[in-house]
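# Generate a structure from the sequence data that follows.
(2 chains)
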Amino acid sequence: MAVADHSHDHHDDHHDHGEFIAHHFDSPEQQFDSGKLGIWLFLVTEVLFFSGLFVAYTLYRNHHPEIFDQAHVYLNKYLGGLNTIVLLFSSLTMALGVRSAQLGKNKSCGIYVLITMVCASMFLGVKAVEYSHKWDMGILVRSAFDFTYTHPDQTIISGLSNYLVYLSVIPLLLLVGFIITSVVFRLIDKAVWSKFWMGMAITVGGYFLGVVIGYLFMAAKIGEAKHAYIEPVRPIALYAMTQDTDHAKEDHAKSDHVKGDGHDKDHDDEHDDEHHDAAHANGEHHDDHGHGEHHGEIPEFDRNVGTFFSIYYCMTGLHAIHIIAGIIALGWLYFRCLNNHWRSDYFGPVDYVGLYWHLVDLIWIYLFPLLYLID
Amino acid sequence: MVDSSARKALFDTPETHFLNCTKGWKSWAFTLDHKRIGIMYLIGVTIALLLAGTFALVLRTHLWAFDGALPMSDDMYNQMFTLHGAVMVFSFIIPSVPAALGNIVLPMMLGAKDVAFPRMNLASFYLWIIGTGMLLAAILSGYGLDTGWTFYTPYSIETQTGVIWATFGAFVLGFSSIFTGLNFLVTVNTMRSKGQGWFQLPLFIWSLYATAIIQVLATPVLGITLLMLIAEKTMHIGIFDPKYGGDPVLFQHFFWFYSHPAVYIMILPAMGVISELISVYSQKRIFGYSFIAFSSVAIALLGFLVWGHHMFTSGQSQVVTLIFSAITFTVAIPSAVKVFNWLATLYKGSILLNTPMCFALSFIFLFGIGGLTGLFLGALSTDIHLHDTYFVVAHFHFVMVGGTLTALLGGVFHWWPKVWGRMYNDFLGRVSCFMVFAGFNLTFFPQFVMGSRGMPRRYASYDPEFLAFHQLSTIGAFVLGWGIVLAVGVLIYAAIKGPRCGANPFKAASLEWQSSSPPDFHNFVHNPLLNDPYDFDAMVFDEELGTYISREFADPSKVPPRKEPVHH
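You can find the predicted model right below:
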């Protein structure tokens, strides 16, 4: 029978525990091992969290490969590739940051963490350009999918997208706010806080760097989906679909009309009249394009092009949320770097956030080929 | 070897313990102490139980007459059973045993001071409050919720009721559950006492560990599913909504990929509690320790492979259906292994029929029926007939209420003296157990009969031929309800006014009984002796303290010889 030796003495709360060793751990090693196992388990939950979307992707790609084939051309491979490089580079700087922390070099760790944050932010900037461009073209989720070749907003491509401006409002406010905060802290002689907020301002600056680079790509029409301007892969099908959504715009919210889209072939007859009524109510000439679809001539998958973009927005949107969470976690690391918290026997948090960051990177490494490089 | 005064200092109720070492509401609201968090969780889940139980009584009262006894519209009936189910599942049963009892007991069983991540533990509790609040906000929003707790598409997309609030609540509760599970996995892995091997852990730890595996692996899938449902409802992304080319059965697959393993989140910890109770109150080493331990892990893993049996009638391919049916039957094997081992433990044990043991024996009986009727539903041909009838309702209530609730009550009665240092009235405790047992059977046994005769579930009115069964069921529900209220009353009275009890009134051998009752803030004021958790002969009665203590601490002149040689 052995004594359950958990610590040298249970009466003593403050014995040789270091500055950052929690009271319930016996040794720095135990704390580090617990944290490490904890973060790995957390990463497991993250993978499973994304798994639902990957399953949805697999299922719909399996059921409707044509959709994925014709839809992916609207994604800009070059911007996606740029973002891939940015994230890979950020993983490198993160790994270097972990190494610095392990060696107790707080200053270089801070620099590497800052570069990582700037890259993360730049990724979001490029993403904002991509998103806003798609919204301009009416490429939205399934129900709102509104792409047309003569979409009025499409010409905006050479100007500045309104959506991009809206997306950039918050980063702009953050940038100004962070700079002001930094200056204020400088004035009241709190150098560390001042440095921290300046670092955060530089981070947000990364977003605008991403926007500018992405915008230059767009302006130079690098990687612009030429199909989108010349001819889609299945012009007739897409044309019919967009016409359908065109005249459906007004009453899209009315569910009975949508039911009448001939989606469910078994119920064609009963919905046909309904649909006619709706169309006439809109004062539309129904016969010249849309009639055929009610008799199932247009295969169903064509309507589902928007489903690809639903999945695209869900996956990349969730990934972007993880990037933002990552920036917040990295900001915390940066603050602790500035306070010289890391020692060769205490660097756990850098390691854990680093692992999380690599996972976020890794998920993008899967998303990029699955969404952008389907050909 | 310790002398009499040192023994008193170690095992008598101390002046300061975790309940009174700090005072004021802040010392509770911001506590990082696993025992206090566990108590707060216990209070929370009890409120959820009483609330959702009241919903159930409203339902049963309405069903007293075949056309509805209460002035309640059918829509209100739908909302009532939805809230009953959602609150019971997400806010009560899932956190009940692990987050409430497990939090209190698990670190102590390991001889540790706390769980690995105390702040995450507290965050888990606050997420529970937020999530439960959001579930209930669905009622307060004035729209209610009428989808059933399963949120099946496409109805959940169409209905105007508060689906978004409720799904977001369930999403948050999922994170609460993940936090608990992750914490327990890490704690068991890294915080065991030195020299405490995996096979020296009490079986409750094994079952909590298996549960935590499910919590960590299954709950994220529920999270993303609910987020997709919210996106579907707000933006119509066309993944679940057939109107936009989506697949509603995909939602069922996603949902049950979590929610079937979640059934084992509900029952596995309960089984762990029973393993402890049966062994302690038979004063006999648990029979087939490693079989029980590994059957927990087996159930956790098999639980991931059977979700399709919820969709036998939803349009799966025949082959898939057959495979799911077959795997479903295999779950019966580890479950039966446990039951047989408990029975073998009882055999020739010196059985003490006190309140926890009465609950434990009720559990074996009720879980046996609940488990065996599951086989009827796992078999394809009978399931087609029994699908969506009261037979299903009765089956899962036998497992969840007859199983988990009974085990929770038994466990709470078992560890209550440890937490408060006071003993409850055993007679009234047994009365409450009898009321729960009798009321429960009266409620749900008739439902098996009704279900097999074709009474569909979730209906606000029914054919008069079922009148007698429904009325029996309603009477039983009230007996059950008052039984639970009595149990809660007995426990609350004991916590405040009960007579003092010693450190180890039940002659239990796992580590938590080696601390004083209530325990110190750090759980142990001395280093606990690492003994076999099922070696009851290691405990001897100390006249002076009036409680059981380890042989090593006892006065050597008064220690009786060992009944059997020690083997490790």
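
# List the buried residues in the helix or strand B:L361 falls within.
Counting by DSSP states H and E, the element that carries B:L361 is helix B:355-378. Residues of helix B:355-378 classed as buried: B:355-364, B:366-371, B:373-374, B:376-378 (neighbour count, 16 or more other Cβ atoms under 10 Å in any protein chain shown). Placement of C-beta: from N, CA and C, glycine included.

# quick one: average pLDDT of that helix?
For helix B:355-378, the per-residue pLDDT values average out at 96.

# Who are the packing partners of it?
Helix B:355-378 makes packing contacts with helix B:248-282, helix B:318-346, helix B:380-386, helix B:390-399, helix B:406-420, helix B:426-452 when contacts are defined by 3 or more Cβ pairs under 8 Å, 6 or more residues apart in numbering or on different chains; DSSP states H and E.

# among the ones you listed, which is nearest chain A?
Distance to chain A, taken as Cβ to the nearest Cβ, is lowest for helix B:248-282 among the helices and strands packed on helix B:355-378, at 5.8 Å.

# how about the closest one, does it get close to chain A?
Yes - using Cβ under 8 Å from any Cβ of the partner chain as the criterion, contacts between helix B:248-282 and chain A involve B:L250, B:F254.

# OK, contacts around the residue nearest the centre of chain B?
Note on chain B: the residue nearest the mean C-alpha position is B:V97, at 3.9 Å, using Cα atoms, centre = their mean. Listed by Cβ atoms under 8 Å, 6 or more residues apart in numbering or on different chains, the contact partners of B:V97 are B:P269, B:A270, B:G272, B:V273, B:T404, B:A407, B:L408, B:G411.

# what number of residues lie near A:F309?
Residues contacting A:F309 under the criterion other Cβ atoms under 10 Å in any protein chain shown number 25.

# That one falls within a helix, correct?
Yes - in this structure, A:F309 lies within a helix as judged by DSSP: H, G, I helix; E, B strand; the rest coil.

# What residue, apart from its backbone neighbours, is nearest it spatially?
Here the nearest residue to A:F309 in space, its sequence neighbours aside, is A:I139; by Cβ to Cβ, 6 or more residues apart in numbering or on different chains that works out to 5.7 Å.

# does any bit of stretch A:311-319 sit next to chain B?
Yes - Stretch A:311-319 reaches chain B (Cβ under 8 Å from any Cβ) through A:I311, A:Y313, A:C314, A:L318.

# next one: that stretch to chain centre, how far?
Relative to the chain's own centre, stretch A:311-319 is displaced by 6 Å; criterion: Cα atoms, centre = their mean, to the nearest Å.

# now that stretch: mean pLDDT?
Averaging pLDDT along stretch A:311-319 gives 96.

# buried stuff in it?
Counting neighbours by 16+ other Cβ under 10 Å, one finds that the buried residues in stretch A:311-319 are A:I311, A:Y312, A:Y313, A:C314, A:M315, A:T316, A:L318, A:H319.

# list the contacts for the residue nearest the centre of chain A?
When chain A is reduced to its mean C-alpha position, the closest residue under Cα atoms, centre = their mean turns out to be A:A320, at 2.6 Å. Contact partners of A:A320, counting by Cβ under 8 Å, 6+ apart, are A:L124, A:K127.

# Let me have the helices and strands packed on helix B:355-378 in a markdown table, adding mean neighbour count and distance to A:I328 as columns.
Output for the helices and strands packed on helix B:355-378, formatted as a markdown table (neighbours: other Cβ atoms under 10 Å in any protein chain shown; distance: least, Cβ to Cβ, whole Å):
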| stretch | mean neighbour count | distance to A:I328 |
| --- | --- | --- |
| helix B:248-282 | 25 | 27 |
| helix B:318-346 | 17 | 42 |
| helix B:380-386 | 15 | 48 |
| helix B:390-399 | 24 | 41 |
| helix B:406-420 | 26 | 38 |
| helix B:426-452 | 21 | 48 |
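
# And the helix or strand where A:L216 lies, how far out from the chain middle?
A:L216 belongs to helix A:191-219 when assigned by DSSP H and E. The chain centroid and the centroid of helix A:191-219 are separated by 17 Å, computed with Cα atoms, centre = their mean.

# List the buried residues of it.
Residues of helix A:191-219 classed as buried: A:193-211, A:213-215, A:217-218 (neighbour count, 16+ other Cβ under 10 Å).

# Domain boundaries for chain B, per the record?
The record assigns chain B these domain ranges, following automatic domain parsing: B:1-29+B:508-568, B:31-501.

# Please identify the deepest-packed of those.
Sort the domains of chain B by mean neighbour count, taking mean count of other Cβ atoms under 10 Å in any protein chain shown, and domain B:31-501 sits at the top with a mean of 21.

# For chain A, just list every one of the strands.
Taking DSSP state E as the criterion, chain A carries its strands at A:2-3.

# still on that earlier bit, go through the domains of chain B and find the least confident stretch.
domain B:1-29+B:508-568 (a mean of 86).

# So it, near chain A or not?
Yes - contact between domain B:1-29+B:508-568 and chain A is present through B:511, B:522, B:524-531, B:538, B:552, B:566 (criterion: Cβ under 8 Å from any Cβ).

# Next to chain A, which bits of the stretch 51-200 of chain B? Give me the list.
Where the stretch 51-200 of chain B comes near chain A, counting by Cβ under 8 Å from any Cβ, the residues are B:111-118, B:158, B:178, B:182-183, B:185-187, B:189-191, B:193-196.

# at 6 Å what do you get?
If contacts are counted using Cβ under 6 Å from any Cβ of the partner chain, the residues of the stretch 51-200 of chain B sitting beside chain A are B:111, B:113-114, B:116, B:178, B:182, B:185-186, B:189-190, B:193-195.

# from these, which two are the most distant?
Longest distance between any two of those is 30.7 Å, between B:I178 and B:G195; criterion Cβ to Cβ.

# just checking, what's the longest helix in chain A?
Across chain A, the longest stretch assigned as helix under DSSP state H is helix A:28-63.

# For it, buried residues please.
Taking 16+ other Cβ under 10 Å as the basis for neighbour counts, the residues of helix A:28-63 that come out buried are A:28, A:30-39, A:41-46, A:48-50, A:52-57, A:60-61.

# That one vs helix B:248-282, what angle?
Between the direction of helix A:28-63 and that of helix B:248-282, the angle (axes from the mean of the first three to the mean of the last three Cα atoms, to 10 degrees) works out to 150 degrees.

# For helix A:28-63, the averaged confidence score.
Confidence over helix A:28-63, taken as the mean pLDDT, stands at 94.

# Show me what that helix is packed against.
Contact analysis of helix A:28-63 by 3 or more Cβ pairs under 6 Å, 6 or more residues apart in numbering or on different chains; DSSP states H and E lists helix A:305-338, helix A:348-367, helix B:163-190, helix B:203-235 as its packing neighbours.

# For chain B, what is the nearest residue in the stretch 251-375 of chain A?
A:S310 (3.6 Å).

# and that residue, what does it touch?
Counting by Cβ atoms under 6 Å, 6 or more residues apart in numbering or on different chains, A:S310 touches A:V141, A:R142, B:I237, B:G238.

# In chain A, where is pLDDT below threshold?
Scanning chain A for pLDDT under 70 picks out A:1-18, A:148-159, A:223-303.

# one more time with 90, if that's ok
Within chain A, the set of residues satisfying pLDDT under 90 comprises A:1-28, A:63-77, A:133-163, A:215-307, A:345, A:374-375.

# As JSON lines, the helices and strands packed on helix B:355-378 with distance to B:G102 would be great.
As requested, these are arranged in JSON lines below (distance: least, Cβ to Cβ, whole Å):
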{"stretch": "helix B:248-282", "distance to B:G102": "6"}
{"stretch": "helix B:318-346", "distance to B:G102": "18"}
{"stretch": "helix B:380-386", "distance to B:G102": "33"}
{"stretch": "helix B:390-399", "distance to B:G102": "19"}
{"stretch": "helix B:406-420", "distance to B:G102": "9"}
{"stretch": "helix B:426-452", "distance to B:G102": "22"}
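
# Quick check: closest non-adjacent residue to B:T345.
Counting by Cβ to Cβ, 6+ apart, B:F287 is the residue found nearest to B:T345 once chain neighbours are left out, at 4.4 Å.

# May I have the secondary structure class of that neighbour?
In the three-state summary, B:F287 is assigned as coil, counting by three-state DSSP.
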